[in-house]
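Peer 1: everything below, folded, please.
(2 chains)
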Amino acid sequence: MSAQTLYEKLWQSHVVHTESDGTTLLYIDRHLLHEVTSPQAFEGLRLAGRKPWRLSTNLAVADHNVPTTGRAQGIVDPISRLQVETLDNNCASFGITEFKMGDARQGIVHVIGPEQGATLPGMTVVCGDSHTSTHGAFGALAHGIGTSEVEHVLATQCLLQKKSRTLLVRVEGSLGKGATAKDIALAVIGKIGTAGGNGSAIEFGGSAIRALSMEGRMTLCNMAIEAGARAGMVAVDDTTINYIKGRPFAPKGDLWDKAVANWHTLVSDEGADFDAVVEIDAAAIKPSVTWGTSPEMVVTVDGKVPDPAQESDPVKRSGMERALVYMGLQANTPITQIAVDKVFIGSCTNSRIEDLRGAAKIAKGKHKAANVMQVLVVPGSGLVKRQAEAEGLDKIFIEAGFEWRDPGCSMCLAMNADRLEPGERCASTSNRNFEGRQGPGGRTHLVSPEMAAAAAIAGHFMDIRDWL
Amino acid sequence: MEKFTRLDGVVAPLDRANVDTDAIIPKQFLKSIKRSGFGPNLFDEWRYLDHGEPGQDCSNRPLNQDFVLNQPRYKGAQVLLARENFGCGSSREHAPWALLDYGFLAVIAPSFADIFFNNCFKNGILPIVVDAEEIDRLFKETVATEGYRLTVDLEQQMVSTPDGHGISFSVDPFRKYCLLNGLDDIGLTLQNADKIKVYEERRKAEAPWLFV
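Peer 2: This next block holds a predicted model:
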């Protein structure tokens, strides 16, 4: 057999049926659900008198609408409350496992899947959420789907798919000082653009990727969608297997040994052909900050806000001009001179324990600057929260004047009460700096947890390499 | 799902790249548990001068007269002309629901984000990829001619301008078949239920840890 990419192996092992035009019925092993993109799918099932095909593959959690403070009072906003209650009722009536708001295992869907061992190598993983690409960190084929497809997966355990092109992003060498997985993600998007991965499944490879922890790999794969790729993935190695061992949904005993033997084959074969390859030098990656309203509008922290006058493409130039107006920035302003009003540390990109440790290391013994009105630290799950508290990270944050919250999506997309006011500027560890994303009129700069914590302390963006 | 066969509609030009799904339908409207009623909030933050909330009556809200869809000449538009990477960002199907509810049945752009592109077909909207040069021409003609219309013929896979210029486009045969016939994917897939069961039996032997 010819050399195969990891994507081809994952694809091939899930083909149920292929039509003459290549449209393929692909089997789905894990379906994660949350409250925002599932109600219409359950309603569709009900109207058609259909039942879930295979109940045990589904796992649900409410994350987008949940409050991150004062949980004892429940959800105050009646519309948010109805959406969460609708999920509770749908899961109860169809018999789907759900981690409810009071459960310590509740959290952001892309944090809890891996945390529970519900995401395993070799699986197809889907969820009605674009950041499902996160799960590809485990050598899984994982991508976001729309609500019609949520219903389709519930009813048939399959999706109709066309094979993607393959793109290898190879990052070789050791990361520059102060650079993190988030900065790799921003560097990749800066290089290939937010449409660069359209129609492709990205495999991240190279020595810098193999050196990343599972949490770093999740951060990177999480943002594959911001490069336009539905799926991002990393080959399985010992780091993957060690992370999974002993987790509640992971196989045990003989099955574990069988699974591990299989998982070791989940790598791209030597000499496998990719449709495209992008090379990135890890040593050249520096802590990065987005300046505009698209994740590709990114510069390194020692850089300046770019000048649209230097851009020759008229559509790009007008996009840059519009972004500068929205962001309230002048061309050529040094990044470190940009002051922030709020800081958000959290989201499915950066809310895991290593992210919180990274932020705490910067914040330890310091206090937020007077001009910074609010710093939210929102752990990705109840279990991450518990672990952080066991390590005393909560105390470091509280002493620094940060707020220590309950888990959820929070100010990544501001569907709950956590949001920016018009004109407020935020250093955020989330994944999207779109207009209005963190609240109408809010201005988002995407950064790593370390860079976010540093901005909170300094009151403006800081080159953390000066502090390390 | 409604069938899509042939469309002759007014064109509205949205001249910006990377229009994301947060812009198409802002997050506060995703709290709805219904599929309908998103049209008045399509492009909410660009379209109105005030902040919109779900359940609000939009008929008296102050309009942003600079926003293209608020110009009377584009009233009733059914074809949206857009730029590169239209529909990037989240997987929210509320984006095509909002476009459809507003009245758009086709979107023409040089490229689309994958999930959005997929979601359109599930809702009877035809996303059409046309090369950048043709897009430039269509933008120019749309802006220059009040009441500019395009004809979209899915069977022939052809967009035609008023002066008879034809632009052919490609579409997956399977998706075309579903759109032309207004077919529900789930019903079609369940015709293969036996194949799904056969796959499950085989897979259970190969990878039993996936079936505990």
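
Peer 1: sketch out the low-pLDDT regions of chain B for me.
Peer 2: Along chain B, the model assigns pLDDT under 70 to no residue.

Peer 1: all helices for it, in order.
Peer 2: Along chain B, counting by DSSP state H, helices occupy B:21-24, B:44-47, B:94-102, B:114-121, B:132-144, B:173-181, B:185-190, B:193-206.

Peer 1: can you check the stretch 251-400 of chain A too?
Peer 2: A:253-263, A:314-327, A:353-363, A:382-390, A:393-399 (DSSP state H, counting those that start in this stretch).

Peer 1: got a markdown table for those helices, with mean pLDDT and distance to chain B too?
Peer 2: Just so you know, the C-beta spots here come from the backbone N, C-alpha and C atoms, and that holds for glycine as well. Listed next are the helices of the stretch 251-400 of chain A as a markdown table, based on pLDDT from 0 to 100; distance: least, C-beta to the nearest C-beta, whole Å:
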| stretch | mean pLDDT | distance to chain B |
| --- | --- | --- |
| helix A:253-263 | 98 | 4 |
| helix A:314-327 | 96 | 5 |
| helix A:353-363 | 98 | 21 |
| helix A:382-390 | 98 | 22 |
| helix A:393-399 | 98 | 26 |
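
Peer 1: summarise which helices and strands the longest strand belonging to chain B is packed against.
Peer 2: For chain B, the strand with the greatest residue count under DSSP state E is strand B:6-13. Other elements packing on strand B:6-13 under the criterion 3 or more C-beta pairs under 8 Å, 6 or more residues apart in numbering or on different chains; DSSP states H and E are strand B:79-81, helix B:132-144, strand B:149-153.

Peer 1: still on that earlier bit, please identify the deepest-packed of the helices of the stretch 251-400 of chain A.
Peer 2: helix A:353-363 (a mean of 24; mean count of other C-beta atoms under 10 Å in any protein chain shown).

Peer 1: quick one: list the elements packing against it.
Peer 2: helix A:214-222, strand A:342-345, helix A:382-390, helix A:393-399, helix A:449-458.

Peer 1: want to throw these into JSON lines with distance to A:M327?
Peer 2: Below are the helices and strands packed on helix A:353-363 laid out as JSON lines (distance: least, C-beta to C-beta, whole Å):
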{"stretch": "helix A:214-222", "distance to A:M327": "23"}
{"stretch": "strand A:342-345", "distance to A:M327": "15"}
{"stretch": "helix A:382-390", "distance to A:M327": "31"}
{"stretch": "helix A:393-399", "distance to A:M327": "27"}
{"stretch": "helix A:449-458", "distance to A:M327": "15"}
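
Peer 1: for the stretch 201-350 of chain A, which segments count as strands?
Peer 2: A:231-233, A:276-281, A:288-290, A:298-300, A:342-345 (DSSP state E, counting those that start in this stretch).

Peer 1: so which of those strands comes closest to chain B?
Peer 2: For those, the distance to chain B is smallest for strand A:231-233, at 9.4 Å, taking C-beta to the nearest C-beta.

Peer 1: close to chain B, is that closest one?
Peer 2: No: contact of strand A:231-233 with chain B (C-beta under 8 Å from any C-beta of the partner chain) is absent, the minimum separation being 9.4 Å.
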